[in-house]
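**Student:** Predicted model follows, preceded by the sequence.
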Amino acid sequence: MRDLGSPLTTRELAERMCCEPSNVTFVIDRLEAQGLVDRVPHPNDRRARHLVLTRKGEELRRKLLDRVSRESPLAHLSDVERDRLRDQLLRALDR
């Protein structure tokens, strides 16, 4: 749910999660059944669907991200320090 902050196709979400689209479909089917995600028409590709969080899904995402950030070993770092750490880690990975 972390990656669904903005509309994505199943393929785009799979790429972000480094997994196969069929695995994402399996998870999204369950999230949709719980009323957390909707599949809506893609604005530019009539063959594709966007995955969009429902209001209930957005609320759950916010709660999860808040909880994860509070319990993170990096929670004591400032935003600037976290940004620097991220930048250094990306450099180390040569991104």
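**Tutor:** Sure thing, it's come through. Just so we're clear, the structure is a prediction, and the values are computed from it rather than from any experiment.
**Student:** Flag the shaky bits of the chain, pLDDT-wise.
**Tutor:** Applying pLDDT under 70 to the chain flags residues 1-2, 95.
**Student:** can you pull out the helices in it?
**Tutor:** Assigned by DSSP state H, the chain shows helices spanning 10-17, 21-33, 55-70, 79-92.
**Student:** Check the gap between Leu60 and Arg67 for me.
**Tutor:** Taking CB to CB, to the nearest Å as the measure, Leu60 and Arg67 are separated by 11 Å. C-beta here means a position set from N, CA and C on the backbone, and glycine is covered the same way.
**Student:** Single out the most deeply packed of the helices of the chain.
**Tutor:** Mean neighbour count, computed with mean count of other CB atoms under 10 Å, is highest for helix 10-17 among the helices of the chain, reaching a mean of 16.
**Student:** where does Leu4 fall, phi/psi-wise?
**Tutor:** Main-chain dihedrals, Leu4, degrees, to the nearest 10: phi -100, psi 40.
**Student:** could you list every residue that touches it?
**Tutor:** Contact analysis of Leu4 by CB atoms under 8 Å, 6 or more residues apart in numbering lists 13, 37, 51-53, 57, 61.
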